[in-house]
Each structure stands twice: as C-alpha cells, then as structure tokens.
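In: Following is a predicted model, sequence given first.
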Amino acid sequence: MITETMSELGFDYSETQRMVAESAREFAEQHIRPFVMQWDESQEFPVEVFKKAGEMGFMGILVPESLGGSGLGYHEYIAIIEEISKVDPSIGLSVAAHNSLCTNHILSFGNSDQKERWIPKLASAEWIGAWGLTEHNTGSDAGGMNTTAVKDGDHWVLNGAKNFITHGISGDIAVVIARTGEKGDSHGMTAFVIEKGTKGFSSGKKEDKLGMRASETAELVFDNCRIPDDNRLGEVGDGFIQSMKILDGGRISIGALSLGISKGAYEAALKYSKERVQFGKPISSFQGISFKLADMATEIEASELLLHKAAFLKNQGRKMTKWSAMSKMYASEVCVKVANEALQIHGGYGYTKDFPVEKFYRDSKLCTIGEGTTEIQKVVIAKNILK
Ligand SMILES: Cc1cc2nc3c(=O)[nH]c(=O)nc-3n(C[C@H](O)[C@H](O)[C@H](O)COP(=O)(O)OP(=O)(O)OC[C@H]3O[C@@H](n4cnc5c(N)ncnc54)[C@H](O)[C@@H]3O)c2cc1C
C-alpha cells in the first residue's frame, strides 16, 4: 500500500501548487505581516483582511468556479493555509474554518438552491462563515449536544447555545448542528443554516485566548430562533454524520495550519542559530542545537508527506477518515514540539515578543485541540484500524 501511495503522490509540487503558494505568500507578506502583533495584542479580528483574501480566491478555495470559487483541490488548499499560517496562524485558522467547515458543509450537503443562495457570497468573502458543533458540555462528545431544533409547521425552532465558535460574532452565516431526535442516536441531529439577523439568534461571550488571538472565538445563542425548513441541510437526522465527514476534510486544514507553524518556527530558529554567537561560535555549530534542527526538519517533512497523502485520497473522493486523523494528529503534535524547540534555540530572546517564535509557541497549542483533540484522533485511528 505504501509503495502505491508514494508512486501516485510523486514527490514534487505541481506548477499550480507553486503558483498558489507564491500568491498566498505575497498576500501574507503584504496584508498580514505588518499587523501580526497589533492584532495579537488587541485580539482584533481583522475582517478587512478576509475580504481581501476573498478577492484572491482564498475564501472559496475548494468551491467550483461555477459557484464563484477557485475550483482548486486539497493539495493547493494545504499550500494556501500553510503559507498564511507561516506568517500568522490565527489568520490561517480563520481561513480554514471558513473554507473547510461552513462553506464546505453547504457545498457538500446543500441542495442546488441552497448552494446558489449562499456559496457565492461565502466564496467571495462578502459573507464570513461560522460552523457550530461544539457546546459548553459537549466538545469531544459532540454527539451528546443539548441544543434542540423542534419542527413547527414548515419552520424549526432552535434553543440552546454553541461554544468556542470561530467567527461567532463577526460571522454573517452559520451552519449549526442541533438535536432533532433522541440522545445517543447518531441520527438524532440535523444541520441548519442560520443567517445573522435572524430573530432569536445572537452572539455570546468572546473568548480571551492564549494564542490564535486574531481569530475570533465566541458563543452562538439560540432563543426560540425560528428558521424555515428551506434552511435545513440534507435529511433530518443526517447532521452529525455530515459533520464527521466535514471534519475529515477540516482536519487536513488544521494539519496544514500546523505545518505552516512548524515551518515558520523552524525557519526562524535556523536563521537565528546561524547568527547567534556564543563561546565564539554560531550556536548552530553546537551538536545540541544542530540535532534539534535535524529532528525538526525531519518531523516537518514527515508531517507534510502524511498530509499530502490525506489530501490525495480526499481529492480522489476515497475514504480517508483514518488518514486525515493521522495527519492532523501528527502535524499538530510536531508543530507544538517544533515551536517549543524553536523558542529554546532563541534562548531568552525567544521568550520576548521581539521574535516570532513566542507567538508560534502560543498559537501552536490550539492545533492539538481544535477539530478534535489528539486523544480523539487516536480514538478515530484506533477505531479504523481495529474494525
Ligand atoms: C480557538 C478554538 C476554535 C474553535 N472553533 C470551533 C468551531 O468553529 N466550531 C466548533 O464547533 N468548535 C470549535 N472549537 C471547539 C473544539 O473543537 C473543542 O474545543 C474540541 O473538540 C475539544 O472539546 P472540549 O474543549 O470540550 O474538550 P473536552 O472534550 O472536554 O476534552 C477535555 C480533555 O479530555 C480528553 N478526552 C475527552 N474525551 C476523551 C476520550 N474519549 N478519550 C481520551 N481523552 C478524552 C480530551 O482529549 C481533552 O484532553 C474551537 C475551539 C477552540 C479552542
């Protein structure tokens, strides 16, 4: 199986991937780099940057051109998220949540009217998208959710709250999964689209976070929120199953985010190790430092290979739940480790805000938590290899 994968993957980037990566790199340098620390300190969600990302096609990466998107595949998607995250992971996280979660849920499970109605607005970033699965008491155990949707004629009435939702305040539209059946039944939940301004739908508390501070995280609150049945995505009872499929793709984007953090931190550490002189020599000449760099470089390569394998299978429409979980788990654990070592290589300077590794260190930790913790990825992998 490994041999087949390797020969199909090839070991080089395609021309399209290179071009896409180059334009994402330029975009990040011009529109993100100058403001990274300002947004981090003020915890500002810079909506205008996402509008500009929309003009570049980065907010509808996987959306077909017929619906206003870029019509690209998962290899290119990785390249874009990676390049943006090398500069600011919190912008990478928001671009990923908009593309993989909200937009992709409507694209994957909406009917043609729903796609025509919402996808072009999302792909252009006229609207920013949110996706609500997690609740205060149900994170890893998302299937135990308490938010309910009750049918009332040709409408649904939603009550409850979603927690930790990316773009929970600034989002113009949210895909929300709510209970429509019994607890414990994986077919007891349904997905709905809710537009901002709908009566009974509001935002709650905004989280004050360790990292990813320019990516807004907040509550969504439903208080007798009435939405038409036209806003239901797919069949009643399919919402949770749909969500698990959405997370298969979403985890590739968190892996790409992790890869961007790893590369950004590694490149900063490599440069610093050649410049910083102690005991009359650059610190890179000490084996204790060069071995750290060797481990970091190797693990980054391994993360990238695993991610592109998951992307390859996803592009082919093949089952890739195990691979997306493996690639997300591995790339995220590597990024935490690489960010930690990069800071160590910077010594005391790495602990200050004058060098980028301080922020990579704080941002990296989200990657082992969001879209399923490392422990939950192990549950998914184990379930797949033991069945
Ligand atoms: C910045 C940020 C952005 C987010 N964005 C979104 C979003 O846009 N939409 C959304 O729906 N959610 C979002 N989330 C929620 C995120 O997906 C959850 O935080 C995550 O799934 C973990 O859930 P929890 O925080 O409730 O932790 P818990 O589920 O309470 O887990 C606590 C600990 O217990 C462990 N654990 C739980 N169950 C098991 C088990 N069976 N075996 C072993 N260990 C276990 C976990 O691994 C973890 O270490 C976001 C979270 C953050 C922090």
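Out: Yep, that arrived. Small disclaimer: the values here were computed from a predicted structure and weren't measured.
In: Quick check: closest non-adjacent residue to the residue in the stretch 201-350 of the chain that the ligand sits nearest to.
Out: For the stretch 201-350 of the chain and the ligand, the shortest gap (Cβ to the nearest ligand atom) falls at T217, measuring 4.4 Å. Glycine gets a C-beta too; all of them are placed from N, C-alpha and C. Nearest non-adjacent residue to T217, counting by Cβ to Cβ, 6 or more residues apart in numbering: E207, 4.3 Å away.
In: hang on, L220 in a strand?
Out: Yes: using DSSP: H, G, I helix; E, B strand; the rest coil, the assignment for L220 is a strand.
In: Please verify my assumption that it contacts G200.
Out: No: using Cβ atoms under 8 Å, L220 is not in contact with G200, being 11.3 Å away.
In: what residues does this protein put near the ligand?
Out: 97, 131-134, 139-140, 164-166, 212, 217, 366, 369-373, 375-376, 379 (Cβ under 6 Å from any ligand atom).
In: Buried subset of those residues as a ChimeraX selection?
Out: With 16 or more other Cβ atoms under 10 Å as the criterion, this ChimeraX line picks the buried residues out of the residues of the chain next to the ligand:
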select :97,131,132,133,134,139,164,165,166,212,217,366,369,370,371,372,376
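In: what's near enough to touch whatever residue of the stretch 101-250 of the chain ends up closest to the ligand?
Out: When scored by Cβ to the nearest ligand atom, the stretch 101-250 of the chain has G139 as its residue closest to the ligand, at 1.8 Å. The contact partners of G139, taken as Cβ atoms under 8 Å, 6 or more residues apart in numbering, are N163, F164.
In: separation between it and Q377?
Out: Noted for G139: a distance of 14 Å to Q377, by Cβ to Cβ, to the nearest Å.
In: same deal with D363?
Out: 19 Å.
In: Neighbour count for those two, which is higher?
Out: D363 (31 against 24; other Cβ atoms under 10 Å).
In: Average pLDDT for whichever strand or helix holds that one, rounded please.
Out: D363 belongs to helix 357-364 when assigned by DSSP states H and E. Average pLDDT, helix 357-364: 98.
In: got a list of contacts for that helix?
Out: Applying Cβ under 8 Å, 6+ apart, the set of residues contacting helix 357-364 is 36-37, 40, 89-90, 210-212, 258, 261, 264-265, 268-269, 332, 335-336, 338-340, 342-343, 346, 350-353.
In: okay, now the domains of the chain?
Out: 15-128, 130-237, 241-386 (the TED database).
In: Tell me where the stretch 101-250 of the chain has helices.
Out: Remark: helices assigned in the stretch 101-250 of the chain by DSSP state H, counting those that start in this stretch are 104-109, 112-123, 239-275.
In: got a markdown table for those helices, with mean pLDDT and mean neighbour count too?
Out: Below are the helices of the stretch 101-250 of the chain laid out as a markdown table (pLDDT from 0 to 100; neighbours: other Cβ atoms under 10 Å):
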| stretch | mean pLDDT | mean neighbour count |
| --- | --- | --- |
| helix 104-109 | 98 | 22 |
| helix 112-123 | 98 | 18 |
| helix 239-275 | 98 | 24 |
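In: Now render the ones you listed as a markdown table, adding distance to K183.
Out: As requested, those are exported to a markdown table (distance: least, Cβ to Cβ, whole Å):
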| stretch | distance to K183 |
| --- | --- |
| helix 104-109 | 22 |
| helix 112-123 | 28 |
| helix 239-275 | 11 |
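In: Give me the more crowded residue out of L220 and G200.
Out: L220 (29 against 15).
In: Contact partners for the residue lying closest to the more buried one once chain neighbours are set aside?
Out: Distances taken as Cβ to Cβ, 6+ apart put K162 closest to L220, at 4.2 Å, once the chain neighbours are dropped. In this structure, K162 makes contact with G132, L133, T134, E135, T147, G168, V176, E219, L220, judged by Cβ under 8 Å, 6+ apart.
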